[in-house]
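*Asks:* fold the following for me, if possible:
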Amino acid sequence: MKLRESGVFSGNLGELERKTLKRKKVLATLKVLWSVIEDITKEISPEDAANLISEEMKKVMQKDAARTEDVVAYNIIPLDSLSTTNLIVNFPEVRAAISSLQYHRDLPRLPNTISVPDARNSDMLDLLHCVFGFQKDNVSNQREHIVHLLANEQSRLGKLSGSEPKIDEGAVHVVFSKSLDNYIKWCNYLPLRPVWNNIESLTKEKKLLYVCLYYLIWGEAANVRFLPEGLCYIFHHLARELEVIMQKQTAEPAGSCISNDGVSFLDQVIYPLYEIVAAEAGNNDNGRAAHSAWRNYDDFNEFFWSEKCFQLGWPWKLSNPFFSKPNRKEQGLISRNHHYGKTSFVEHRTFLHLYHSFHRLWMFLLLMFQGLTIIAFNNGNFDTNTVLELLSLGPTYIIMEFIESVLDILMMYGAYSTSRGSAITRVIWRFCWFTASSLVICYLYIKALQDGVQSAPFKIYVVVISAYAGFQIIISLLMSVPCCHGFTNACYSWSFVRLAKWMHQEHNYVGRGLHERPLDYMKYVAFWLVIFAAKFSFTYFLQIKPLVKPTRLIISFKGLQYQWHDFVSKNNHNAITILALWAPVATIYLLDIHVFYTIMSAIVGFLLGARDRLGEIRSVEAVHRFFEKFPEVFMDKLHVAVPKRKQLLSSGQQAELNKLDASRFAPFWNEIVKNLREEDYISNTELDLLLMPKNIGGLPIVQWPLFLLASKVFLAKDIAVDCNDPQDELWLRISKDEYMQYAVEECFHSIKYILSSILDKEGHLWVQRIFDGIQESISKNNIQSDIHFSKLPNVIAKLVAVAGILKETESADMKKGAVNAIQDLYEVVHHEVLFVDLSGNIDDWSQINRARAEGRLFNNLKWPNEPGLKDMIKRLHSLLTIKESAANVPKNLEASRRLQFFTNSLFMQMPLARPVSEMLSFSVFTPYYSETVLYSIAELQKKNEDGISTLFYLQKIYPDEWKNFLTRINRDENAADTELFSSANDILELRLWASYRGQTLARTVRGMMYYRKALMLQSYLERMHSEGPRICI
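*Replies:* Okay, the predicted model is just below:
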């Protein structure tokens, strides 16, 4: 039951399904019986019918027959159910969303053949169901889906009021814009005029109609959902058909969806496209076929990125090669000469990718190496000769661009027949351009070397290189810098901009408009500039420059004789020797950029992490040390704004603010701790130590978990007993440990509160006078002389006796024992510990002494039955009895990891928390294919070849968790495994325990359901300060 309430486990689903089916059959039988009785009573007179069936019985049978609608399936909102009661339907946003979808006068009438459930009125989705033949279940699902989207968006805009709330125009527009955003972008890209002339002129009802149509298409698209632009194509044509039908008086089926069996969007629109996708996927030889031999989702989707897609027509032209199925060879492999090939990209497996994919990096590194070498061999002098040699970078660059253009042609092989003409033209243009450019640039540079810097070829070469470099820099800035990138996208309609972008990069549908913010871009550029500065400084001063002199020396050697003289040194200035000298340097030069990147990333990552306080909680000790900060950061980061908290912040009431923060943080912390116990990561003792009090009682201080305060009282007692320093020094020593200070203060206030609550009249007056006297001594700085700290152990012993009795269940003997224990406490306090001046309150003390002499001082004791007071007594008893340190709590590594993860997340940068009602809706999916979710008993007991069962293995791997599990189900630690099989509930708990440790999917599902628990808890906390009676679900 606890598991089912927590949302982790849903109970016996098979039994639940069986009962539901049985109920449906019973209600269906009642409906048939009522129909039969109606037919029989029609054939007889009204008098005989009244005698046969009484009016009361008739009403009962009518009600039972109508309840068949009560079992109509739904997800969250029962839109089609007549008598199902669900509080979410009463939300104003939900009622407004349902109302906005209802039929209106601008829609054509529905044919009489269309039936609508009695639970609701006809709406837009009924019209679309009639026109296009969408499946009934799809219509029901998308109706609920759209209502959720509208209600969620409306809740973020504000609450609605009135008996008939209306959805806000802004909410409809946001849902419309988000839902049809890809369609609008697709139309702008082609370019193509959308189905509407002007989006500003669209009414709220028309926007909702388009939203409904789009989601109905998406809901019935099956695997075609993976072709988002394909869905845009379908939506575009269906919306045009709908516009025509909207002009008619009565709705009629769309021509594209009419089949021999009626109207079916699935059969006529989706199935042809699905069939060809399935044929291609099924013909890939289980992934072993070449990439160029079959079409995948990318190829199908990319087909709809060009106006060529309109060759498919509407309804589909199934004779188009696009719908032709691939042919198989005898061995099952795909023929490469089939119908319609790849769209624009074919994967080729070749080592040339090493250069082709990173050509800009190779060019940059080679050009920098060449330039640094030239500068080094000219001794760092920038004279005319140095400049002339540096201009050799031009031919190097253009030749490498020529190599890249050749590889572009090779890599595109296999997609020429189906690629866009602009893509093919671009590849050929770049090849021709760089071929001609490389010839011209190399010729001009050679002539410049031959004729000198004063020659005409040199001047022409400088002008050409400068113009080309300037053009490249401008284009790079326009396409890379975020602000310029946005400008070029906005000016894409200009011919010059379009031509320049076409020359440098292919204009694809995806990836458009993806660029960083200017500040992020500047940080990224600065990051790499630092890396390059470090790398090239290292290269120049420590790699290239030291080799200049040895290289010149080796070149100058003329008479060297090698064993292979002709190959090594004859007439080549010892080139092979020089190559052997420079090869390691060049290799390190190409690889050390990774070293500099790693070092720089570590430094920057450390600085960013330190700034954002990432990983600040790295151990259980850190959790202890920073715990008092958790409530404040929790309220700042994860909790919605509380009006009372703002008032306390502005007024500077720090104590009340800390108390409020702790009261809000405690439920979240306790829920995490209880989950750790439910999963058997901690024991019952650790649970008690980790739980945090609610902090909503009468104590003026924050009550922290016991694992922070354990043994602190005894440490403070030892300090007080051994210390002979003044009061200020004593308190300073205690306050050095903040949690020791908190433990002392909590004991002081708890004892006063408990004794004041259970004693009345003279007893209550005694408590008041005692604590007033102590506080007066503290204020006068006389605590050392008024209290004998050497007798504190006696006081603690008496308080333990009192608390130990009061935490038990009330009885006559217990009550008598409590009175005796308080009397013993009285004796110790007055005769051994406290020595205060009683003259200030002589009348009160006389009354107290008189009552004690008469034996009635503590007789009127009220037993603490209130849960809050009882918990406080138990907590005081623990504070006064736990002598062992809880520094290692929790001991389990997984429990420690989870607590560290949660507490670390409190210090992360995150947006301000919004109420659950304003959160974006989200879904959680997990892959699942033929996996075991819950172990069966047989699987747990099955032994392998070594005689070890799964259960035995898990028990040995997780011994502490197994012990905690046995404690949780009230079994002895030494109980045999077979004893657990005697109870059905224990068997289920055992299967869950083993599955959560042996099955990844079981843990995943449990983790997914924790989202639900977190939202429920957050809703509860928000409801605590909500002004209205709204119920969070």
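*Asks:* phi, psi of Ser259?
*Replies:* Note on Ser259: backbone dihedrals following degrees, to the nearest 10 are phi -130, psi -180.
*Asks:* where along the stretch 351-500 of the chain do the strands fall?
*Replies:* Along the stretch 351-500 of the chain, no stretch is classed among the strands by DSSP state E, counting those that start in this stretch.
*Asks:* where exactly do the helices run in it?
*Replies:* Secondary structure of the stretch 351-500 of the chain (DSSP state H, counting those that start in this stretch): helices at 353-356, 359-377, 384-390, 393-411, 421-451, 456-480, 482-490, 495-504.
*Asks:* the fifth one - contacts with which helices or strands?
*Replies:* Counting contacts by 3 or more Cβ pairs under 8 Å, 6 or more residues apart in numbering; DSSP states H and E, the secondary-structure elements packed against helix 421-451 are helix 393-411, helix 456-480, helix 495-504. C-beta coordinates here come from the backbone N, C-alpha and C atoms, glycine included.
*Asks:* just these: most buried one?
*Replies:* A comparison of the helices and strands packed on helix 421-451 by mean neighbour count, using mean count of other Cβ atoms under 10 Å, puts helix 393-411 on top with a mean of 18.
*Asks:* export that one as PDB, just CAs?
*Replies:* In PDB, the C-alpha atoms belonging to helix 393-411 read as follows (Å, rounded to 0.1, in the frame of the first residue of the first chain):
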ATOM      1  CA  LEU A 393      51.300  31.300 -47.400                       C
ATOM      2  CA  GLY A 394      48.900  32.300 -50.300                       C
ATOM      3  CA  PRO A 395      49.800  29.400 -52.600                       C
ATOM      4  CA  THR A 396      49.800  27.000 -49.700                       C
ATOM      5  CA  TYR A 397      46.400  28.100 -48.600                       C
ATOM      6  CA  ILE A 398      44.900  28.000 -52.100                       C
ATOM      7  CA  ILE A 399      46.400  24.600 -52.900                       C
ATOM      8  CA  MET A 400      44.900  23.100 -49.700                       C
ATOM      9  CA  GLU A 401      41.500  24.600 -50.600                       C
ATOM     10  CA  PHE A 402      41.900  22.900 -54.000                       C
ATOM     11  CA  ILE A 403      42.500  19.500 -52.300                       C
ATOM     12  CA  GLU A 404      39.400  20.100 -50.200                       C
ATOM     13  CA  SER A 405      37.300  20.800 -53.300                       C
ATOM     14  CA  VAL A 406      38.500  17.600 -54.900                       C
ATOM     15  CA  LEU A 407      37.500  15.600 -51.800                       C
ATOM     16  CA  ASP A 408      34.100  17.300 -51.800                       C
ATOM     17  CA  ILE A 409      33.500  15.800 -55.300                       C
ATOM     18  CA  LEU A 410      34.700  12.400 -54.200                       C
ATOM     19  CA  MET A 411      32.700  12.400 -50.900                       C
END
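*Asks:* I'd like the average pLDDT over that helix.
*Replies:* For helix 393-411, mean pLDDT rounds to 86.
*Asks:* what does stretch 795-815 give?
*Replies:* Stretch 795-815 carries an average pLDDT of 90.
*Asks:* and Val263, which of the helices and strands packed on helix 421-451 is closest to it?
*Replies:* Using Cβ to Cβ as the measure, helix 495-504 is the one of those that comes nearest Val263, at 43.8 Å.
*Asks:* beyond the closest one, next helix or strand please.
*Replies:* For helix 495-504, the succeeding helix or strand toward the C-terminus, using DSSP states H and E, is helix 518-539.
*Asks:* among the helices and strands packed on helix 421-451, which is nearest Asn198?
*Replies:* Proximity to Asn198, assessed across the helices and strands packed on helix 421-451 by Cβ to Cβ, is greatest for helix 495-504 (25.4 Å).
*Asks:* on that earlier part again, just put the helices and strands packed on helix 421-451 in TSV and tack on distance to Asn865.
*Replies:* Shown next, in TSV, are the helices and strands packed on helix 421-451 (distance: least, Cβ to Cβ, whole Å):
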stretch	distance to Asn865
helix 393-411	82
helix 456-480	74
helix 495-504	80
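*Asks:* between those helices, which one is closest to Lys1013.
*Replies:* The nearest among the helices and strands packed on helix 421-451, by Cβ to Cβ, is helix 456-480 at 46.4 Å.
*Asks:* what angle separates the closest one from helix 393-411?
*Replies:* Orientation note: helix 456-480 sits at an angle of 50 degrees relative to helix 393-411 (axes from the mean of the first three to the mean of the last three Cα atoms, to 10 degrees).
*Asks:* what packs against helix 456-480?
*Replies:* Using 3+ Cβ pairs under 8 Å, 6+ apart, helix 456-480 sits against helix 421-451, helix 482-490, helix 495-504.
*Asks:* so it versus helix 518-539, what angle?
*Replies:* 140 degrees.
*Asks:* the helices and strands packed on helix 456-480: lowest mean pLDDT?
*Replies:* helix 495-504 (a mean of 64).
*Asks:* if we can go back for a sec, and of the helices and strands packed on helix 421-451, who's closest to Leu547?
*Replies:* Set against Leu547 and scored by Cβ to Cβ, these come closest in helix 393-411, at 20.1 Å.
*Asks:* any residues touching the closest one, and which ones?
*Replies:* Contacting residues not belonging to helix 393-411 are listed as 346, 348, 352, 355-356, 359, 362-363, 366-367, 370-371, 427-428, 430-431, 433-435, 437-438, 441-442, 445, 461, 465 [Cβ atoms under 8 Å, 6 or more residues apart in numbering].
*Asks:* what do you get if the cut-off is 7 Å, keeping everything else the same?
*Replies:* Here helix 393-411 makes contact (Cβ atoms under 7 Å, 6 or more residues apart in numbering) with 348, 352, 356, 359, 363, 366-367, 370-371, 427, 430-431, 434-435, 437-438, 441-442, 445, 465.
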